[in-house]
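Q: Sequence isn't available, so here's the structure alone:
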Ligand code: AMP
């Protein structure tokens, strides 16, 4: 991981977090400011700042991101009742951390549309 971000520091353990899953490509940990009873961030260890920065070489990684997220929802016990995946992008998308991450949000009935 060449570029340092808040999330690379969490992945290496330099910043503490409640990790719920980790493999060679991804790390998942509890969001510090949860929007629902279950709110986990699934982060590729490769630093892609925004989803729009993903390149053709990231095709497999992005596919694995969603399949890994499906496994994490099962592990968290929210798969059956349903949940939401969110990727915020840029200013209008309210992205705060410039390191691609998938929000996994569940544990209660969620409102729609988002505000
Ligand atoms: P986004 O707005 O999509 O960039 O989401 C960034 C998320 O990171 C927010 O939901 C924050 O609550 C979360 N966050 C920020 N700092 C931490 C931290 N130290 N540990 C866990 N989650 C964090």
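A: That came through fine. Since we're looking at a predicted model, the values are computed, not measured.
Q: Just give me the longest strand of the chain.
A: Scanning the chain for the strand with the most residues, using DSSP state E, yields strand 38-44.
Q: Please state the offset of that one from the chain centre?
A: 3 Å (C-alpha atoms, centre = their mean, to the nearest Å).
Q: Without its sequence neighbours, what residue ends up closest to residue 35?
A: Leaving aside its sequence neighbours, residue 35 sits nearest to residue 105 (C-beta to C-beta, 6 or more residues apart in numbering; 5.6 Å). The C-beta positions use only the backbone N, C-alpha and C, and glycine is treated the same way.
Q: What of residue 52?
A: residue 89 (6.1 Å).
Q: Report the contact partners of the one you found.
A: The contact partners of residue 89, by C-beta atoms under 8 Å, 6 or more residues apart in numbering, come to 50, 51, 52, 95.
Q: and if we set it to 10 Å?
A: Counting by C-beta atoms under 10 Å, 6 or more residues apart in numbering, residue 89 makes contact with 49, 50, 51, 52, 53, 95, 100.
Q: And the pLDDT for the nearest residue to the first one once chain neighbours are set aside?
A: The reference is to residue 49. Nearest non-adjacent residue to residue 49, counting by C-beta to C-beta, 6+ apart: residue 98, 4.3 Å away. Per-residue pLDDT puts residue 98 at 98.
Q: again with residue 1
A: 45.
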